[in-house]
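Undergrad: what follows is a predicted protein model with its sequence.
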Amino acid sequence: MRFLVWMDSKLSLAVLIVCFMSACRNENTKNTSNEFSENSQKVPFELPQPLGKISISLPERYDTVFHWIDYSDCPSCHHIKYRAQPKHFPILKETGFISVEEPQDSIERFTIKHPLFLENLPIEDSISIVNLHWNLRRNHNLWREICTECSQIKLETITKINNYTFSVFGLKGYNSKQCRWIKLLIAQTSRHGNLLEFRFEIAYKRDNQRTHDFFQNSMSYLKSIRFENH
């Protein structure tokens with residue numbers, strides 16, 4: 001799916017000013033520094049050009065890294081996904097053609113997603129991300145497509161990371177069939193006209209310090225993202 005949104009120049013400037021001056025709603029994001037709650041490691045991901053190499057600090061427990069193509073029913077809807085997770089969780093590769101059953105107990109993983117067919121366009125990426133953020137904020141049906149079980153927005157912000165504008169949402173929900181809670185942190189940015197999504201996920205039945213601090217910890221890891229070639 002191509003990601004190109006254009007606005008009137010005066011309106012776009014006004015929206016940007018409102019976005020960067022507005023307060024963020026959050027549950028557990030008081031720590032704004034790149035300090036991590038547990039031992040971490042720098043994990044590199046090799047993306048095709050023009051996206052280049054991306055690195056992010058993740059917990060050392062995330063010792064399994066893999067990628068695959070998530071095919072859909074239209075060529076422009078195919079995506080490449082890159083995932084890091086602890087090795088004791090099953091390796092799942094979602095696809096638009098086959099239903100993949102999630103583990104019944106718990107999930108903990110980090111995923112990067114981008115289109116299979118890439119653009120290389122000199123567009124104003126910050127404007128498109130601001131538009132995306134406010135569309136998601138106004139339309140709950142859009143973020144429920146991201147997480148069908150999520151019913152609460154626990155975090156919302158637009159932020160700059162390594163000179164890139166990111167739209168960030170923290171979502172929370174409950175799966176009554178599996179009797180477990182779900183938390184997601186979804187961060188999206190644009191690079192050369194391509195939408196990049198960074199997703200932190202956790203599902204659990206019993207709360208602990210790690211699940212309680214999920215949004216705070218995920219934001220700290222998100223802020224460690226680096227695009228290593230331009």
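TA: Perfect, I can see it now. Remember, it's a predicted structure, so these values are computed and weren't measured experimentally.
Undergrad: average pLDDT for stretch 75-84?
TA: Stretch 75-84 carries an average pLDDT of 91.
Undergrad: flag the helix or strand of the chain with the lowest per-element mean pLDDT.
TA: The least trusted helix or strand in the chain, going by mean pLDDT, DSSP states H and E, turns out to be helix 9-21, with a mean of 42.
Undergrad: pull up the pairing partners for the helix or strand encompassing Thr189, direction included.
TA: Assessed by DSSP states H and E, Thr189 sits inside strand 180-191. Neighbouring strands of strand 180-191 in its sheet, by DSSP bridges, are strand 164-175 (antiparallel), strand 194-204 (antiparallel).
Undergrad: for the longest one, give the mean pLDDT please.
TA: Strand 164-175 carries an average pLDDT of 92.
Undergrad: where do the helices sit along the chain?
TA: Applying DSSP state H to the chain gives helices spanning 9-21, 125-138, 140-146, 209-212, 214-222.
Undergrad: quick one, which of those helices is nearest to Pro48?
TA: Closest to Pro48 of the helices of the chain, according to Cβ to Cβ: helix 125-138, at 17.7 Å. The C-beta positions use only the backbone N, C-alpha and C, and glycine is treated the same way.
Undergrad: which strands and helices sit next to that closest one?
TA: Packing partners of helix 125-138 (3 or more Cβ pairs under 8 Å, 6 or more residues apart in numbering; DSSP states H and E): helix 9-21, helix 140-146, strand 150-161, strand 164-175, strand 180-191.
Undergrad: picking up where we left off before, mind checking which of the helices of the chain is nearest Ser37?
TA: Shortest distance between Ser37 and the helices of the chain, using Cβ to Cβ, is found for helix 214-222: 5.2 Å.
Undergrad: could the strands paired with strand 180-191 be laid out in JSON lines, adding distance to Ser126?
TA: Compiled in JSON lines, these are given as follows (distance: least, Cβ to Cβ, whole Å):
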{"stretch": "strand 164-175", "distance to Ser126": "4"}
{"stretch": "strand 194-204", "distance to Ser126": "13"}
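Undergrad: let's have those strands in CSV, adding mean neighbour count and distance to Trp143.
TA: Shown next, in CSV, are the strands paired with strand 180-191 (neighbours: other Cβ atoms under 10 Å; distance: least, Cβ to Cβ, whole Å):
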stretch, mean neighbour count, distance to Trp143
strand 164-175, 21, 6
strand 194-204, 20, 12
